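Trainee: Got a sequence here, can you build the structure:
(chains A and B)
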Amino acid sequence: MTTLTEAPPPLAPAPPTERPPRRRGRWTPYWLLLPGILWLCVFFALPMIYQASTSVQTGSLEDGYQVTWHFAAYWDALQAYWPQFLRSVLYAASATVLCLVLGYPLAYLIAFRAGRWRNLVMILVIAPFFTSFLIRTLAWKTILADGGPVVGALDSLHVLSVTNWLGMTDGHRVLATPLAVVCGLTYNFLPFMVLPLYTSLERIDGRLHEAAGDLYATPFTTFRRVTFPLSMPGVVSGTLLTFIPASGDYVNSELLGSTNTQMIGNVIQSQFLRILDYPTAAALSFLLMAAILIMVTLYIRRSGTEDLV
Amino acid sequence: MTPRTLTASKTPKAPLRWLRRNLVVLAGLLTLGYLLLPNVVVTVFSFNAPQGRYNYAWHEFSTDAWRQPCGVAGMCGSLSLSLRIAVWATLGATVLGTMIAFALVRYRFRARGPVNSLIFLPMAMPEVVMGASLLTLFLNLGARLGFWTILIAHIMFCLSFVVTAVKARVMSMDPRLEQAAQDLYAGPAQTFLRVTLPIAAPGIAAGALLAFALSFDDFIITNFNAGSTVTFPMFVWGSAQRGTPVQINVIGTAMFLVAVVCVLGAMAVGNRRGRRAA
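Mentor: A predicted model of the protein is given here:
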């Protein structure tokens, strides 16, 4: 607050170049940052460090835990739970691809074709955010109910025989199979794909499409050579915003899946809250974090967009 | 390429061509349907009189649940707790986040890079990891889990989203407006209150709205840090195992309607502002 007094007296009109707002005080930005950054350091960064130390502890709940640099915990955890890890990556990846395939037309529709309906469609995309996602996920239980219209239609269209062959469904039901979990994940994270896609599509100059058309590009070529490359920032941030939370999710596999569809989130949750095996749980969540950070870094490198924030 | 366009233009079937031209629109509308289908189901099933404990199959029409929305033990208590937490979390995250956003956009200082990464990381971290590690901290500190630990967690994960929303708005602001205000003899405080804050307001409002929605709806992180305290999402989670009362669908429908009305209202205000400014 003292920095405010260092500002030039308001009654002395000086040429504007002499007091650009950012020179008001050298310490002002630090004062502004202090409370928020402190909060993040104490309640975000510090817990990560605590967790790292927990993951190399041994002991028991009764006798207490000691740091023994027991790195084998990582190896044990990986050996015991690699199917859940693999499943998380597979489910999250399929949900992300489905989100991209489903979300792109919707984002395109809002950006270029909705006209005066744009605001309404936008509201309909955002509004579900404000209804509890647990209630909406539970609604999928009704939608995908055994013998219900959706499952019946999928069955008669022979979709289920294909997904059975792929191992995504089991017989004539969808609920409690991987397909239901992927369907729930896709549904829950779709808005996180649509919104960044829309933002980057909206920035594209519509005249580029006309220009492509004038140069005899078919609509598909225009899309492949002009629209899609220009929407790459949206594709990248959309896939990240979908993949990262989806890979850690345990709600969808708990509500829509079965014990055969458990993801790593389910394991971490039950290790932490039910079995109370903190070292294993900490090691698992550290492994998940590391895996995601590595994948995200590789992905950002490859896609060549660094300005995500 | 050319032969295909020729054959395409040669096919005179109008419906097919219409379909091809509007394929994107149709696909987009289908996705929108997918996105809204659960909301439709929630609304329809809020008028159900279920047979047994679970409200997953249609039985018969009834408005009982709408007439007694609080007829379920513990539900409205958890709802009001969630609202209270969301209000405080929104307030805390918005104040702290707005300060950070202003510091990041308006000043060049040495710690900008690390600060930016520290803001970005919570958004790039799966919620289980954040919830679990925060629980580790609380257990180590011997903190009692409940209202305060939930609030601390919510402010933590809402903060980054507020910063991003406010930053976007402040970045597009013309700094000359503030210089003009100062040239017109406005003091720093006056400039901030009369010029800077009103221009940044839509960004701050968007950040606050997002924080409210995120906090009100959060289950994963809350589940780790709530102890025996039950927020509304946790009530819904528990009821999924015990049997879901119809009233949950009533609340879900009401939330959707309130959200649509709020967004429509905000848009109307924004439009009027925009027209006045133009």
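Trainee: all contacts plus neighbour counts: C-alpha atoms, from now on.
Mentor: Will do.
Trainee: For chain B, what's the nearest residue on chain A?
Mentor: residue A:106 (3.8 Å; C-alpha to the nearest C-alpha).
Trainee: my guess is that residue contacts residue B:26, does it?
Mentor: No - contact criterion C-alpha atoms under 8 Å: residue A:106 and residue B:26 do not qualify, at 9.0 Å.
Trainee: tell me the strands in chain A, going along the chain?
Mentor: Along chain A, the segments classed as strands by DSSP state E run A:57-60, A:64-67.
Trainee: now, of these, which is deepest in the fold?
Mentor: strand A:57-60 (a mean of 18; mean count of other C-alpha atoms under 10 Å in any protein chain shown).
Trainee: So what touches that one?
Mentor: Applying C-alpha atoms under 8 Å, 6 or more residues apart in numbering or on different chains, the contact partners of strand A:57-60 are A:65, A:66, A:67, A:68, A:69, A:70, A:277, A:279.
Trainee: Contacts only, for the third one.
Mentor: If I follow you right, that is residue A:67. So residue A:67 contacts A:53, A:54, A:56, A:57, A:58 (C-alpha under 8 Å, 6+ apart).
Trainee: Mind doing that once more with 7 Å?
Mentor: Counting by C-alpha atoms under 7 Å, 6 or more residues apart in numbering or on different chains, residue A:67 makes contact with A:53, A:56, A:57, A:58.
Trainee: tell me the pLDDT at the residue in chain B that chain A sits nearest to?
Mentor: Residue nearest to chain A within chain B: residue B:28 (3.8 Å; C-alpha to the nearest C-alpha). Confidence at residue B:28, expressed as pLDDT, is 94.
Trainee: How about residue A:295?
Mentor: Looking at residue A:295, its pLDDT reads 85.
Trainee: How about residue B:10?
Mentor: 51.
Trainee: Just checking, which helix or strand of chain A averages the lowest pLDDT?
Mentor: Every helix and strand in chain A was compared by mean pLDDT, DSSP states H and E; the lowest is strand A:64-67, with a mean of 74.
Trainee: gap between that one and the chain center?
Mentor: 34 Å (C-alpha atoms, centre = their mean, to the nearest Å).
Trainee: so what strands line up beside it?
Mentor: Paired neighbours of strand A:64-67 in the sheet (DSSP bridges): strand A:57-60 (antiparallel).
Trainee: doesn't residue B:60 make contact with residue B:47?
Mentor: No - the pair residue B:47 and residue B:60 fails to qualify as a contact (C-alpha atoms under 7 Å) at a distance of 8.1 Å.
Trainee: So which of the two has more stuff around it?
Mentor: For residue B:47 versus residue B:60, neighbours defined as other C-alpha atoms under 10 Å in any protein chain shown are more numerous around residue B:47 (21 against 11).
Trainee: any idea how far residue A:143 is from that one?
Mentor: Distance, residue B:47 to residue A:143, by C-alpha to C-alpha, to the nearest Å: 16 Å.
Trainee: swap in residue B:157?
Mentor: The value you get for residue B:157 to residue A:143, if C-alpha to C-alpha is used, is 32 Å.
Trainee: more crowded one of those two?
Mentor: Between residue B:157 and residue A:143, counted using other C-alpha under 10 Å, the more crowded position is residue B:157 (27 against 19).
Trainee: Spell out which residues of the stretch 1-150 of chain A are next to chain B.
Mentor: A:10-11, A:13, A:16, A:22, A:29, A:32-33, A:35-36, A:39-40, A:43, A:47-48, A:50-51, A:102-103, A:105-106, A:109, A:123, A:127-128, A:130-136, A:139-142 (C-alpha under 7 Å from any C-alpha of the partner chain).
Trainee: Any quick ChimeraX command for the buried ones out of the residues you listed?
Mentor: The ChimeraX selection below is limited to those of the residues of the stretch 1-150 of chain A next to chain B classed as buried (16 or more other C-alpha atoms under 10 Å in any protein chain shown):
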select /A:22,29,32,33,35,36,39,40,43,47,48,50,51,102,103,105,106,109,123,127,128,130,131,132,133,134,135,136,139,140,141,142
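Trainee: The residues of the stretch 1-150 of chain A next to chain B in helices, which ones?
Mentor: Among the residues of the stretch 1-150 of chain A next to chain B, the members found in helices (DSSP state H) are A:29, A:32-33, A:35-36, A:39-40, A:47-48, A:50-51, A:102-103, A:105-106, A:123, A:133-136, A:139-142.
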